[in-house]
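Colleague: could you work out the structure for the sequence below:
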Amino acid sequence: MFVQEKQETNVPALGLYAHVPFCSTTCDFCAFYQERPSKKAFEEFFLGLRREFERFPGDRSFSTVFIGGGTPGLLSSGQLEHLCRIIRDAGLSDGCEWTVEVAPSEISREKLDALAEGGVTRISLGVQTFSSDMMKSLGRDHKVEKVFSAYSMIREKAAFLVNLDLLFGAPGQTLDMWEFDLTTAAELEPDHLSTYCLTFEEDTAMYVRLSEGQVELDIEREAEFYEKAWTLLPQLGYPQYEVSNFSRPGRACLHNLNTWRMHEWIGYGPGASTQHKGVRRKNSANLEKWSAGMSDGKTPAYEECIEVVDRDLAGDAILFGLRMNEGVNLNDLAVRFNLSNSSLEPVRSFFGKLGAEGFMEEVAGFSVLTQDGRMRCDAIASEIPEIGDQES
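Modeller: Purely as a prediction, here's the structure:
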């Protein structure tokens, strides 16, 4: 059953994110919180997760679910059934889009059966590259052949839409290699493609190589990789809907859209983030601390917990909205976040300047970055003026 993109309704969207922190190996580029799998760690995770859902239920049905990691596919089929049951019991809306990230080396038919029966509608497969040499340089622990066999297994299940994740900008990667990855992915006919630029995060093996001078940053080279994907993928049937994301019509990731539009979501698990009822918080990225904090009478362990007001949310909706091809409608945001026209005037003036420089255009009431603008998206985001004070 394919889930089509939904229109906005009168009921505000509410997303559910669950972080499964377990990984058997650490990729050289990965900075996400992760734990080595063990019986004790699994028991602690599920105990903490059940308690967290009890303490922090949603105030309405969840409209999207995303299970990330770590490597959620590392869980056994029985553990996946358990996880799906916990999430279903939290209360999901009809037609809820439910995505799970999996690594090619961890998938099996038994696990896919558990996910399909549990209610999952979308699988996100971490491909990264179809080049054997690139796979080794990224520290991935599977061979390219495993990607194709995993994809074939997933496609046997009609219940799933399929996302493929690709990585570019890695040391030694050429434009020809990147084009090969893009065309190979498109030939598999997935529903969605995500293309991420390699970032050199601290506490990763790749960052160590950078700091030791073994590899170098090349911003101009990164721009060429971006442009290759932006030009080629629409020609192959995958229109762009966000700087790094492409999909067949109607098959964009609804959980991503919910997040980028600054709706609400609740994060469960160690390291998970929440934006709900005027609060943003991030759980402790430590399995033991997080789990202990979910016990009755205990104070939850957070790395961050701050209040956010409508003006904060509107500012972030502008920042993330400009990354999307649909752009930003300032009039709509003013109504949604109770903003006055004068408070948005600094932003309107800035948008006018971007338009004069060829970085932005107006499309049916939406302010949309041109391709040149999207190429400068991060720099533009850093210059967006703050929303002014409300009229008294």
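
Colleague: and Glu101, that's in a strand?
Modeller: Yes - under DSSP: H, G, I helix; E, B strand; the rest coil, Glu101 falls within a strand.

Colleague: tell me the contacts of it?
Modeller: Ile67, Gly68, Gly69, Thr71, Pro72, Gly73, Ser124, Gly126 (C-beta atoms under 8 Å, 6 or more residues apart in numbering). All C-beta spots, glycine's among them, are computed from the backbone N, C-alpha and C.

Colleague: find the centremost residue of the chain, please.
Modeller: Centrality entry for the chain: nearest residue to the mean C-alpha point is Asn256, 5.8 Å, by C-alpha atoms, centre = their mean.

Colleague: got the contacts of Glu101 as TSV, with pLDDT, distance to Ala364 and neighbour count columns?
Modeller: Rendered in TSV, the data for the contacts of Glu101 read as follows (pLDDT from 0 to 100; distance: C-beta to C-beta, whole Å; neighbours: other C-beta atoms under 10 Å):
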residue	pLDDT	distance to Ala364	neighbour count
Ile67	98	35	27
Gly68	95	34	21
Gly69	89	39	26
Thr71	90	41	23
Pro72	94	39	25
Gly73	92	41	26
Ser124	97	31	23
Gly126	93	36	24
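
Colleague: nearest to Asp113, of the residues you listed?
Modeller: Nearest to Asp113 among the contacts of Glu101 is Gly73, at 13.1 Å by C-beta to C-beta.

Colleague: quick check, the closest one in a helix?
Modeller: Yes - looking at Gly73 with three-state DSSP, it is inside a helix.

Colleague: tell me who's in contact with it.
Modeller: Residues counted as contacts of Gly73 (C-beta under 8 Å, 6+ apart) are Val100, Glu101, Val102, Ala103, Glu106, Ile107, Lys111.

Colleague: how about Cys253?
Modeller: Here Cys253 is in contact with Glu97, Thr99, Arg122, Asn163, His192, Asn245, Ser247 (C-beta under 8 Å, 6+ apart).

Colleague: all the helices of the stretch 151-300 of the chain, residue numbers only.
Modeller: Applying DSSP state H, counting those that start in this stretch to the stretch 151-300 of the chain gives helices spanning 175-187, 205-211, 219-235, 254-260, 287-293.

Colleague: how far does the third one sit from the chain's center?
Modeller: Mean-position distance between helix 219-235 and its chain equals 20 Å (C-alpha atoms, centre = their mean, to the nearest Å).

Colleague: tell me the angle that helix makes with helix 175-187.
Modeller: Computed by axes from the mean of the first three to the mean of the last three C-alpha atoms, to 10 degrees, the angle separating helix 219-235 from helix 175-187 equals 30 degrees.

Colleague: before we move on, the earlier item: how about the residue nearest to the centre of the chain, nearest residue that isn't a chain neighbour?
Modeller: With C-beta to C-beta, 6 or more residues apart in numbering as the criterion, Asn256 has its nearest non-adjacent residue at 6.7 Å, and that residue is Asn245.

Colleague: the one you found: neighbouring residues, count only.
Modeller: 23 (other C-beta atoms under 10 Å).

Colleague: likewise for Leu80?
Modeller: So Leu80, with other C-beta under 10 Å, has 25 neighbours.

Colleague: would you verify that it is located in a helix?
Modeller: Yes - with three-state DSSP as the criterion, Leu80 is located in a helix.

Colleague: which ones are touching it?
Modeller: For Leu80, the contact set (C-beta under 8 Å, 6+ apart) comprises Pro72, Lys111, Ala114, Leu115, Gly118.

Colleague: what do you get for Ala272?
Modeller: Applying C-beta under 8 Å, 6+ apart, the residues near Ala272 are Tyr17, Ala18, His19, Lys282, Asn283.

Colleague: please repeat the previous calculation with a cut-off of 10 Å.
Modeller: 16-21, 33, 52, 68, 265-266, 281-285, 290 (C-beta atoms under 10 Å, 6 or more residues apart in numbering).

Colleague: what does Leu319 give?
Modeller: By C-beta under 10 Å, 6+ apart, the contact set of Leu319 is Trp260, Met262, Val328, Cys377, Ile380, Ala381, Ser382, Ile384.

Colleague: tell me the secondary structure at it.
Modeller: helix.

Colleague: and it, what pLDDT?
Modeller: As predicted, Leu319 sits at a pLDDT of 97.

Colleague: any idea how far it is from Glu357?
Modeller: Per C-beta to C-beta, to the nearest Å, Leu319 is found 19 Å from Glu357.

Colleague: cool, Tyr196 as well?
Modeller: From Tyr196 over to Glu357 the distance is 28 Å, taken as C-beta to C-beta.

Colleague: got it, and Ser61?
Modeller: 44 Å.

Colleague: before we move on, what about Ala150?
Modeller: Counting by C-beta to C-beta, the gap from Ala150 to Glu357 is 45 Å.

Colleague: tell me the buried residues in stretch 308-324?
Modeller: 308, 310-324 (16 or more other C-beta atoms under 10 Å).

Colleague: tell me how far that stretch lies from the chain's centre.
Modeller: Offset of stretch 308-324 from its chain centre (C-alpha atoms, centre = their mean): 17 Å.

Colleague: for that stretch, C-alpha coordinates in CSV please.
Modeller: C-alpha atoms of stretch 308-324 as CSV (Å, rounded to 0.1, in the frame of the first residue of the first chain):
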residue,chain,number,x,y,z
VAL,A,308,10.2,28.3,22.4
VAL,A,309,7.7,30.9,21.4
ASP,A,310,5.8,31.5,18.2
ARG,A,311,8.5,33.9,16.9
ASP,A,312,11.2,31.3,17.4
LEU,A,313,9.2,28.7,15.5
ALA,A,314,8.4,31.1,12.7
GLY,A,315,12.1,32.0,12.3
ASP,A,316,13.0,28.3,12.0
ALA,A,317,10.1,27.7,9.6
ILE,A,318,11.6,30.4,7.4
LEU,A,319,15.1,29.0,7.7
PHE,A,320,14.1,25.4,6.9
GLY,A,321,11.4,26.5,4.4
LEU,A,322,14.0,28.1,2.2
ARG,A,323,15.7,24.7,1.9
MET,A,324,12.5,23.3,0.3
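
Colleague: returning to that earlier point: and the contacts of Leu80, which of them are in helices?
Modeller: Lys111, Ala114, Leu115, Gly118 (DSSP state H).
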